[in-house]
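>>> Sequence first, then the predicted structure:
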Amino acid sequence: MKEFKLKINGNDYNVTINSIEDLLVEVEVNGMPYHVEIEKVIKQKTIKTIRPAPAPTPTPTPVSDTGAPVVLKPEVSTQAGSVLSPLPGVILEILVKEGDTIKKGQKLMVLEAMKMENSIESDRDGKVVAIKVSKGASVLEGAELVIIG
């Protein structure tokens, strides 16, 4: 049973909905019972709730023995032919496979960083020896992405 206070054309009404069955509704308006027939069911809009992704948990900053913060640098590959990530981000797309022959300037993958898509291109001609990341992977600046031989 739901009760409502309505004002229609300046007049106050106390409306109670007693029951709803299919298209028949029993209501009381200011104590007077009425049987109301609904002509057509109105579809209610479904509201989709989209929750934001949880914020990443910050990693504590390491400190030295003196208490000063230590700046961590990504490991730079010593392997010749490595293509490194220019920014921290997420790999959206990988456009080459291991064994593909590529040209200098060819687009290898797409990296999303700071809500921008960045093309990662080859800096030399060669053959893709290894792909070190997968689609959807989060990478740090300087991370090894592809090895070209």
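Structure received. Numbers count the residues shown, from 1 in each chain.

>>> Hmm, residue 25 and residue 33 touching each other?
No. If you go by Cβ atoms under 8 Å, residue 33 and residue 25 don't touch, sitting 11.2 Å apart. (Each C-beta comes from the backbone N, C-alpha and C, glycine too.)

>>> Tell me which helix or strand in this structure has the weakest average pLDDT.
Lowest by mean pLDDT, DSSP states H and E among the helices and strands of the chain is strand 2-8, with a mean of 85.

>>> Now do it: which elements does it pack against?
Other elements packing on strand 2-8 under the criterion 3 or more Cβ pairs under 8 Å, 6 or more residues apart in numbering; DSSP states H and E are strand 11-21.

>>> and the protein, what are its domains?
2-37, 82-148 (automatic domain parsing).

>>> which one of these is the most hemmed in?
domain 82-148 (a mean of 15; mean count of other Cβ atoms under 10 Å).

>>> so which strand or helix has the residue most central in space within the chain?
The residue lying closest to the centre of the chain (Cα atoms, centre = their mean) is residue 53, at 6.5 Å. Per DSSP states H and E, residue 53 falls between elements, in no helix or strand.

>>> returning to that earlier point: which other residues reach the least confident helix or strand of the chain?
Residues outside strand 2-8 that contact it (Cβ atoms under 8 Å, 6 or more residues apart in numbering): 12, 13, 14, 15, 16, 17.
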